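In: Next come a sequence and a model predicted from it.
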Amino acid sequence: MDRKRLERALEDEFGGTEAERRAVSRSARDLVDSGRPSEDRGHGLTVSGVIGHLEDAPDGSSIVERWNWWMGALDAAYGGYDYFRVRFVEGDEAKGLRR
């Protein structure tokens, strides 16, 4: 999965900050590299697939909240996806925010 393509798609669909998009795309790339989606779900991740799953998250959710919502669903179904949650977004330390 191309991280830059995912970042552009995230911006088009959900907006958010550059740092949030980068954090989610990095986690998505780590998830792809782990091989878990292929093992658990029988197919790899695509940019359009990620966007589709994030669209299912509750309305009004940020990109990071959407990603973490989906990782929570995968963790409940298969286990082991909590590792791929976004817990920190660069720049949030100044605001005192942790995810």
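Out: That came through fine. Numbering: from 1, shown residues only.

In: Now do the strands in the chain.
Out: For the chain, no strands are identified by DSSP state E.

In: tell me the centre residue of it?
Out: What sits nearest the mean C-alpha location of the chain, by CA atoms, centre = their mean, is W67, with 3.6 Å.

In: My read is that that residue contacts L54, right?
Out: Yes: counting by CB atoms under 8 Å, W67 touches L54, with 6.5 Å between them. Every C-beta, even on glycine, is put in place using the N, C-alpha and C of the backbone.

In: which stretches of the protein have low pLDDT?
Out: Where the chain drops to pLDDT under 70, the residues are 92-99.

In: now the helices for it?
Out: With helices called from DSSP state H, the chain shows them at 3-14, 18-34, 36-41, 47-55, 63-78.

In: for the longest one, packing partners?
Out: Read that as helix 18-34. helix 3-14, helix 63-78 (3 or more CB pairs under 8 Å, 6 or more residues apart in numbering; DSSP states H and E).

In: Can you pull the phi and psi angles for D59?
Out: phi -60, psi 140 (degrees, to the nearest 10).
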